[in-house]
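Asker: Quick check, what structure comes out for this input:
(chains A, B and C)
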Amino acid sequence: MSETKSGEVRSEVRDRTLLITVDRVEKRNAFTPKMMRELAEALTRLDESPDLWVGALTFAGPHTTAGLDLPLFFGPGAARDADRTPEMVDPFALARRCRKPVVAALQGITFTVGIELALAADIAVAAEDARFSQMEARRGIAPFGGATFRFLQRTGWGNSMYHLLRCDEFGAHEALRCGLVQEVVPVGQSVARALELAAEIAANAPLGIQATKAAALEYVQHGEVAAVARIPKLRETLLATVDFREGLASFVERRAARFEGR
Amino acid sequence: MSETKSGEVRSEVRDRTLLITVDRVEKRNAFTPKMMRELAEALTRLDESPDLWVGALTFAGPHTTAGLDLPLFFGPGAARDADRTPEMVDPFALARRCRKPVVAALQGITFTVGIELALAADIAVAAEDARFSQMEARRGIAPFGGATFRFLQRTGWGNSMYHLLRCDEFGAHEALRCGLVQEVVPVGQSVARALELAAEIAANAPLGIQATKAAALEYVQHGEVAAVARIPKLRETLLATVDFREGLASFVERRAARFEGR
Amino acid sequence: MSETKSGEVRSEVRDRTLLITVDRVEKRNAFTPKMMRELAEALTRLDESPDLWVGALTFAGPHTTAGLDLPLFFGPGAARDADRTPEMVDPFALARRCRKPVVAALQGITFTVGIELALAADIAVAAEDARFSQMEARRGIAPFGGATFRFLQRTGWGNSMYHLLRCDEFGAHEALRCGLVQEVVPVGQSVARALELAAEIAANAPLGIQATKAAALEYVQHGEVAAVARIPKLRETLLATVDFREGLASFVERRAARFEGR
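Answerer: Down below sits the predicted model:
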């Protein structure tokens, strides 16, 4: 078997959560074009399936990823990621975006696209041994997967330039301090914790959650005026759902709601 | 007296500060349409009165608010907040906005619109017992009062999604960590501290302060290019004020300035 | 010598870094129009020289700056900063901007334009004795050098209003907490640390670094849609550089890259 054929991205349904696992442990999960396409397929499934409400993006073994397997993407005869088609959800959220929330679990080496995939997700959990580096400029290029502005959306201008321009390696607590990740957990618990967070999200009305993500996206894409203008339609749509009637009933009856996503 | 008639929003002038108090302690300050209209009236008064330079938005009793009294806004025969007219300042800052700074004092239960009213203000102080939850999606809907983008303006994408999507309950120190509030104070001191911060602001030139808030707003509404373009007019206007002459004189004479707001 | 003639801004080449030093120690580095023009000249040199890849903006003596020497800019017969021409790089990054990264070293009194010059830079290091105050509104005006939106870009709405509206004085650790600076170092080490950070940046491919800064700027100027649209051109340009070939070769050969900036 050719080395470039190794590696896969698996998906598994856990109640309302799609558990996605990137697995090429023998190469520290360095992405091949095939793996990137499989990840796009998994996210497309999450986006399109009415029964899946949240995604957990996880990585097998001790490391998140060493990044792209560069020669396979950029070397002579590189396939690039041509296998990925524009109709699929883009794992970097630069083209078609996943409307459902995604929680990323990070550990060990988390380089280049490892950070960018987490930035394209919504919430990130890091194990204490996580080692981050957005080091593209050390290799003569720059981040092409959205880090140039998404690092900024999470951490502000100063903190993002502090890491993007130096291409330094930094740890989980620095990532927490500056807002890149939201929780630091003991080594070995990042996946389990991401699944817990996903289950928390899945307990809420999925249309309300998706509307929240869409409204926040409107703000980063078009600014506050556009985000404000979107609210009346958002309100009208959600107030007409079955889930809102259930939510109001559960409030009056002082019980947990049972949502259906419609 | 019908229960829906209970609750009021009071205002009191303290030097240059309008102290606004939301009071429906027996219902943990759950907002009625009447209370929301009274809050709009108070903020309109603050915005329009030349002698009032800062607002302090406070809540009577041990809690900020349990949120909207949902059945009164959304239930059968709900009055909604039709009493509130578009000419008034919108407490959620989605329509007409208050141009004067507002400092919010939070404590105990601070749910849904409690967070959104603080987000529509400028600075927030939380007592150590504050319990935050933006839990609309637990009830089948989503935040309609601006949290979807203002939580993000304060805390970044990761931290805002961490709380908006989970609808979790979190404490004052987590709110401080992620930038939702600016100070945590002992229980019972949130209102006093908000008044102190308001007095600090009121010691400065009110036109300069309002121009600062307006310029920051321009940025979140229209981006940096628009914010830069606004500076020459801002500069020209402020340099022509009486308060600037006083400020320059006080600088030369090494004394505190006495501003008039013109 | 007239007092208004004192003060200068010096530049010195240190490998790939332009070390810029603001020096008017006897007046706590209060800026004269002449010094502001010299700073613009230094930043223009940095921007235009192919051999200079990073700037370090530093201040002689125990203080960053007391701010503008107000009477010289705004008093009777003020020259303002008319000496500065629009073709030069604007130290406040409101007009022509420096495309190369700039690291600022701050210590002691860091008032008004001291903060704004650091905000117009990319990364800031503060000595433990740094004392910050954006106090323009105490003098009857407002920040005109970009603080109204750049404080917000780094620290979020709540934290920026907390300092911009109060015009309070705050220390290095508060600046670190809210994201205004990225490191706090012992007194006397701010310049040395800024030079270290500059050298770290200069080890990376300069075109990749400049592209990263430009892409982040696109986001704050025009929002995420514009930033995403810029990526294909960015990618195409960088993949065609000599430095990328070197970067890929160094990756395959497991050695450090030697970049040329083309």
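Asker: Residue A:21 belongs to a strand?
Answerer: Yes: Residue A:21 sits within a strand when classified using DSSP: H, G, I helix; E, B strand; the rest coil.
Asker: Which helix or strand contains the spatially closest residue to it that is not a sequence neighbour?
Answerer: Nearest-residue entry for residue A:21: residue A:10, 4.7 Å, with adjacent residues in sequence omitted and distances by Cβ to Cβ, 6 or more residues apart in numbering or on different chains. Where C-beta positions appear, they are placed from N, C-alpha and C, glycine not excepted. Here residue A:10 sits within strand A:8-14, counting by DSSP states H and E.
Asker: Now that strand: buried residues?
Answerer: Of the residues in strand A:8-14, those buried under the neighbour-count criterion (16 or more other Cβ atoms under 10 Å in any protein chain shown) are A:9, A:11.
Asker: Please name every helix or strand in contact with that strand.
Answerer: For strand A:8-14, the elements it packs on are strand A:17-23, helix A:33-48, judged by 3 or more Cβ pairs under 8 Å, 6 or more residues apart in numbering or on different chains; DSSP states H and E.
Asker: what angle separates the first one from strand A:8-14?
Answerer: Using axes from the mean of the first three to the mean of the last three Cα atoms, to 10 degrees, one finds that strand A:17-23 and strand A:8-14 are set 160 degrees apart in direction.
Asker: any idea how far strand A:17-23 is from the chain center?
Answerer: 11 Å (Cα atoms, centre = their mean, to the nearest Å).
Asker: between that strand and helix A:33-48, what angle do the directions make?
Answerer: Taking the same axes, to 10 degrees, strand A:17-23 and helix A:33-48 form an angle of 180 degrees between their directions.
Asker: Can you name the residue of the stretch 1-150 of chain A nearest chain C?
Answerer: Nearest to chain C in the stretch 1-150 of chain A, going by Cβ to the nearest Cβ, is residue A:140, at a distance of 2.7 Å.
Asker: gap between that residue and chain B?
Answerer: Relative to chain B, residue A:140 is positioned 29 Å away (criterion: Cβ to the nearest Cβ, to the nearest Å).
Asker: mind checking how far residue A:237 is from residue B:151?
Answerer: Counting by Cβ to Cβ, to the nearest Å, the gap between residue A:237 and residue B:151 amounts to 20 Å.
Asker: higher neighbour count, these two?
Answerer: Comparing residue A:237 with residue B:151 by other Cβ atoms under 10 Å in any protein chain shown, the one with more neighbours is residue B:151, at 29 against 14.
Asker: Tell me how far that one lies from chain A.
Answerer: For residue B:151, the distance to chain A (Cβ to the nearest Cβ) stands at 8 Å.
Asker: Show the secondary-structure elements that the helix or strand containing that residue is packed against.
Answerer: Taking DSSP H and E as the definition, residue B:151 sits inside helix B:147-164. Under the contact definition 3+ Cβ pairs under 8 Å, 6+ apart, helix B:147-164 sits against strand A:123-127, helix A:147-164, helix A:206-222, helix A:224-239, helix B:113-120, helix B:172-178, helix C:147-164.
Asker: Which one of those lies nearest to residue A:28?
Answerer: Distances from residue A:28 to each of these were compared using Cβ to Cβ; the shortest belongs to strand A:123-127, at 14.7 Å.
Asker: Can you check what angle separates that closest one from helix A:147-164?
Answerer: Orientation check (the same axes, to 10 degrees): strand A:123-127 against helix A:147-164 gives 40 degrees.
Asker: Tell me what angle strand A:123-127 forms with helix A:113-120.
Answerer: Comparing the axes of strand A:123-127 and helix A:113-120 via the same axes, to 10 degrees yields an angle of 140 degrees.
Asker: quick one on the thing from earlier: including mean pLDDT and distance to residue B:53, could the helices and strands packed on helix B:147-164 go into CSV?
Answerer: Compiled in CSV, those are given as follows (pLDDT from 0 to 100; distance: least, Cβ to Cβ, whole Å):
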stretch, mean pLDDT, distance to residue B:53
strand A:123-127, 98, 40
helix A:147-164, 97, 29
helix A:206-222, 95, 29
helix A:224-239, 94, 25
helix B:113-120, 98, 18
helix B:172-178, 97, 26
helix C:147-164, 97, 15
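Asker: Which pLDDT value goes with residue A:252?
Answerer: Predicted confidence (pLDDT) at residue A:252: the value is 84.
Asker: next one: residue A:70
Answerer: With respect to pLDDT, residue A:70 has a value of 80.
Asker: just checking, it touches residue C:247?
Answerer: No: applying Cβ atoms under 8 Å, one finds residue A:70 not in contact with residue C:247, separated by 9.1 Å.
Asker: what sits in contact with each of the two?
Answerer: With contacts defined as Cβ atoms under 8 Å, 6 or more residues apart in numbering or on different chains, the residues shared by residue A:70 and residue C:247 are residue A:139.
Asker: Can you tell me which residues in the stretch 151-262 of chain A are near chain C?
Answerer: When proximity is defined as Cβ under 8 Å from any Cβ of the partner chain, the stretch 151-262 of chain A approaches chain C at A:152-153, A:155-162, A:164-168, A:178, A:220-223.
Asker: 10 Å - rerun?
Answerer: Within reach of chain C by Cβ under 10 Å from any Cβ of the partner chain, the stretch 151-262 of chain A has these residues: A:151-153, A:155-168, A:177-179, A:217, A:219-223, A:226.
Asker: Which helix or which strand is home to the residue in chain A positioned nearest to chain B?
Answerer: Among the residues of chain A, residue A:247 lies nearest to chain B; the distance is 2.6 Å by Cβ to the nearest Cβ. Under DSSP H and E, the secondary-structure element containing residue A:247 is helix A:242-252.
Asker: Now do the buried residues in that helix.
Answerer: When neighbours are counted by 16+ other Cβ under 10 Å, the buried residues of helix A:242-252 are found to be A:243, A:244, A:246, A:247, A:248, A:250, A:251.
Asker: For it, list the C-alpha coordinates in PDB.
Answerer: What follows is helix A:242-252 as a C-alpha-only set of coordinates in PDB (Å, rounded to 0.1, in the frame of the first residue of the first chain):
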ATOM      1  CA  VAL A 242     -43.100  23.500  17.000                       C
ATOM      2  CA  ASP A 243     -40.000  23.600  19.200                       C
ATOM      3  CA  PHE A 244     -41.000  27.100  20.500                       C
ATOM      4  CA  ARG A 245     -44.500  25.900  21.500                       C
ATOM      5  CA  GLU A 246     -42.800  23.000  23.300                       C
ATOM      6  CA  GLY A 247     -40.300  25.400  24.900                       C
ATOM      7  CA  LEU A 248     -43.000  27.700  26.200                       C
ATOM      8  CA  ALA A 249     -45.000  24.700  27.500                       C
ATOM      9  CA  SER A 250     -42.000  23.300  29.200                       C
ATOM     10  CA  PHE A 251     -41.400  26.700  30.800                       C
ATOM     11  CA  VAL A 252     -44.900  27.000  32.100                       C
END
